[in-house]
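Asker: Provided below are the primary sequence and the corresponding predicted coordinates.
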Amino acid sequence: MAELVLFNSLGRRKQVFEPIEPGHARVYTCGPTVYSRQHIGNLRSVLFADLLVRGLRLVGLRVTHVINVTDVGHLTDDADLGEDKMERAAARTGRRAQDIAREYTELWLRDRRLLNIRDPDVLCRATEHIPQQIAMVRALEEKGYTYRIEGDGLYFDTSKFPRYAELARLDLAAQREGARIGEVAGKRNPADFALWKLAPAGVRRQQEWDSPWGRGFPGWHIECSAMSTEYLGRRFDIHTGGVEHLPVHHTNELAQSECALDVHPWVRVWMHHDWILFRGEKIAKSTGNVLVLDDLVAAGYEPLAYRYFLLQAHYRQQQLYTDEAMAAAATGYRRLLGQAVEVRQAEGEARDERIAPQRARFREAVCDDLNAPRALAVAWDVARSESLAPAERRALLLEFDAWLGLDLASGVPRDAAQESDPRIDALVAERERARRAKDFAAADRIRGELDTEGIAIEDTPQGPRWRRKA
């Protein structure tokens, strides 16, 4: 079997992956800040992490995957200025921050499931791990890595960590020369960052806690260090996120973690995906340049057609979203699914010596830094092969789909006839009413009950459709 080779942002090179603990890969993924809907650019992050976890399992490793939910501490400015995004959303809407977080977390989880993203082993929320964050900040303070700014909070002194610029290859001298006017008064170095922010005088926040430094809230970066350590240990294998995390968030995580825990390296492999471009620029909530998965569904696309779209580009390449590209991906997905449907019931055995070469090609693509376009091309070669028997094409396509995640084993092309059953129809209608009422717990319960019966539900612009799994 081919060795799994991954691109490590720390060192900017590909390397054979070897877990710290033989046979067990521990992975942490930076998850959403849940003050609003996650757009289709954010969803590239969840697919990338899903492909990584599936790839690790493909080569026989046990995986522990942890994803965080940021529901406090993420300010609108990376330089520790501005408002907390959750507090601002609450003030704007007149709602409780925790209710906003719950709603958008549930919608993000729903989008993940529609894209056939596997659930992490641990989904942890920042607000549920305040003691762990305080404990890590105290460790940093006791070791002399911090200083206080009166009325503002406790900061990490980056000058005391010589490797601070290493991960993102930062030019700290240029940062000092070009330090922005209006940054936090009292910071010793432009790169220094908040570990604990004090609640502003005279302002009552919805989310604040007592601490040794005063009542306030954690900085954005400390949550990931505290929660990854809580669930993965003092050192772990892989940390994933977007390229935008490299210069600030991940650099700060690494610095505070290695100093607090006295370890090096804290993380063995850092992996980053690039952006989805829309209308010629990065998709960003701050500019309103966004699309969400519901927009694609409303335009008539199956959610898995967007997964197929994302598979067409390598995760380290920028990918341009256009209406034409999405329409082409949807057509490609339906055709590949149609090819799978044709051979699902094929009789006969797939002889290993006949399918081994294509299996090897597919695994080589996956093991070459999760090369999804190459893997997808192999799947198409198999689907259209005239030299392979139908049973052999079926066996390979279903095996490949354990990584591709396109539901080739049971998916039904959009124009397939819809079966009818009064009892199931009623349950599906009840679930739809619950979804419209935003009673996601009830909707998920009904979906789960039907799933145990072998019934899959697909949400489409024309309403929910159900089918029996193969």
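Answerer: Now that the structure is in, tell me what you want to look at.

Asker: nearest residue to residue 68 in space, please, no chain neighbours.
Answerer: Leaving aside its sequence neighbours, residue 68 sits nearest to residue 31 (Cβ to Cβ, 6 or more residues apart in numbering; 4.7 Å). (Glycine included, C-beta is placed from N, CA and C.)

Asker: ok, and what's touching the helix or strand encompassing residue 324?
Answerer: Counting by DSSP states H and E, the element that carries residue 324 is helix 323-343. Helix 323-343 is contacted from outside by 296, 299, 301-302, 304-306, 308-309, 312, 379-380, 383-384, 390-391, 393-394, 397-398, 401, 406-409, 411-414, using Cβ atoms under 8 Å, 6 or more residues apart in numbering.

Asker: how far does it sit from the chain's center?
Answerer: From the chain centre to the centre of helix 323-343 is a distance of 24 Å (Cα atoms, centre = their mean, to the nearest Å).

Asker: that older thread, among the contacts of helix 323-343, which lie within strands?
Answerer: Taking DSSP state E, every one of the contacts of helix 323-343 sits outside strands.

Asker: just the residues you listed: which are in helices?
Answerer: Those of the contacts of helix 323-343 mapping onto helices are 296, 304-306, 308-309, 379-380, 383, 390-391, 393-394, 397-398, 401, per DSSP state H.

Asker: for those, which one is nearest residue 229?
Answerer: Using Cβ to Cβ, residue 306 comes nearest to residue 229 of the ones in helices among the contacts of helix 323-343, at 33.8 Å.

Asker: so what's the closest one up against?
Answerer: Neighbouring residues of residue 306 by Cβ under 8 Å, 6+ apart: 40, 43, 115, 293, 296, 326, 329.

Asker: what is the nearest of those to residue 454?
Answerer: Closest to residue 454, out of all of those and judged by Cβ to Cβ, is residue 115, at 21.3 Å.

Asker: circling back to that earlier point, format the contacts of residue 306 as a markdown table; extra columns: pLDDT and neighbour count.
Answerer: Below are these laid out as a markdown table (pLDDT from 0 to 100; neighbours: other Cβ atoms under 10 Å):
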| residue | pLDDT | neighbour count |
| --- | --- | --- |
| 40 | 95 | 21 |
| 43 | 96 | 26 |
| 115 | 96 | 18 |
| 293 | 93 | 24 |
| 296 | 90 | 21 |
| 326 | 92 | 19 |
| 329 | 94 | 20 |
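
Asker: reformat those residues as CSV; add distance to residue 137.
Answerer: Compiled in CSV, the contacts of residue 306 are given as follows (distance: Cβ to Cβ, whole Å):
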residue, distance to residue 137
40, 35
43, 32
115, 36
293, 37
296, 41
326, 44
329, 45
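
Asker: nearest to residue 141 among those?
Answerer: For the contacts of residue 306, the nearest to residue 141 is residue 43 (38.1 Å; Cβ to Cβ).

Asker: what sits against the closest one?
Answerer: By Cβ under 8 Å, 6+ apart, the contact list for residue 43 reads 111, 115, 293, 306, 310.

Asker: can you give me the buried ones in whichever strand or helix holds it?
Answerer: Take DSSP H and E as the rule and residue 43 turns out to sit in helix 42-58. Of the residues in helix 42-58, 42-56, 58 count as buried by neighbour count, 16 or more other Cβ atoms under 10 Å.

Asker: over to stretch 73-83?
Answerer: Quick answer for stretch 73-83 (16+ other Cβ under 10 Å): 73-75, 78-80.

Asker: isn't residue 412 right next to residue 467, touching?
Answerer: Yes - taking contacts as Cβ atoms under 8 Å, residue 412 lies within contact range of residue 467: 5.0 Å.

Asker: contact partners for residue 307?
Answerer: 47, 115-116, 405-406.

Asker: which one of those is nearest to residue 421?
Answerer: Checking those one by one against residue 421 (Cβ to Cβ), the nearest turns out to be residue 116, at 24.2 Å.

Asker: the closest one - nearest residue in space that isn't next to it in sequence?
Answerer: Distances taken as Cβ to Cβ, 6+ apart put residue 405 closest to residue 116, at 4.4 Å, once the chain neighbours are dropped.

Asker: and the one you found, how many neighbours?
Answerer: Around residue 405 there are 20 other residues, counting by other Cβ atoms under 10 Å.

Asker: for it, give its distance to residue 97.
Answerer: Distance, residue 405 to residue 97, using Cβ to Cβ, to the nearest Å: 33 Å.

Asker: the contacts of residue 307: which two are farthest apart?
Answerer: 47 and 406 (11.5 Å).

Asker: quick check: neighbours shared by these two?
Answerer: With Cβ under 8 Å, 6+ apart as the test, residue 47 and residue 406 both reach 307, 311.

Asker: give the rounded mean pLDDT of stretch 207-224.
Answerer: On average, the pLDDT along stretch 207-224 is 95.

Asker: kindly check the end-to-end length of it for me.
Answerer: End-to-end distance for stretch 207-224: 18 Å, by Cα to Cα, to the nearest Å.

Asker: re the thing from before, you'd agree the residue nearest to residue 68 is in a strand?
Answerer: No - assigned with DSSP: H, G, I helix; E, B strand; the rest coil, residue 31 falls outside any strand and is coil.

Asker: just to check, it is in contact with residue 70?
Answerer: Yes - with contact defined as Cβ under 8 Å, residue 31 counts as touching residue 70 (6.9 Å).

Asker: more crowded one of these two?
Answerer: Per other Cβ under 10 Å, whichever of residue 31 and residue 70 has more neighbours is residue 31, with 25 against 21.

Asker: ok, residue 61 - contacts?
Answerer: Residues near residue 61 by Cβ under 8 Å, 6+ apart: 19, 23-25.

Asker: quick check: the farthest pair among those?
Answerer: Pairwise over the contacts of residue 61, using Cβ to Cβ, the maximum falls at 23 and 25, 8.5 Å.

Asker: higher neighbour count, the two?
Answerer: The residue with more neighbours, out of residue 23 and residue 25, is residue 25; 26 against 8, by other Cβ under 10 Å.

Asker: host element of that one?
Answerer: Element membership for residue 25 (DSSP H and E) is strand 24-29.

Asker: hang on, the earlier thing: buried among the contacts of helix 323-343? Make that a PyMOL selection.
Answerer: Restricted to buried positions by 16+ other Cβ under 10 Å, the PyMOL selection for those reads:
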select buried, resi 296+301+302+304+305+306+308+309+379+383+391+393+394+397+398+401+406+407+408+411+412+414
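
Asker: quick revisit: adding distance to residue 4, write the contacts of residue 43 out as CSV.
Answerer: Shown next, in CSV, are these (distance: Cβ to Cβ, whole Å):
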residue, distance to residue 4
111, 28
115, 23
293, 30
306, 26
310, 20
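
Asker: so which of these comes closest to residue 131?
Answerer: residue 111 (30.7 Å).

Asker: so that closest one makes contact with residue 32?
Answerer: No - applying Cβ under 8 Å as the test, residue 111 and residue 32 come out as separate, 10.0 Å apart.

Asker: who touches both of these two?
Answerer: In contact with both residue 111 and residue 32: residue 38, using Cβ under 8 Å, 6+ apart.

Asker: ok, now which ones touch the residue of the chain most remote from its centre?
Answerer: For the chain, the residue at maximal distance from the C-alpha centroid (Cα atoms, centre = their mean) is residue 348, at 39.7 Å. Residues near residue 348 by Cβ under 8 Å, 6+ apart: 389-391.
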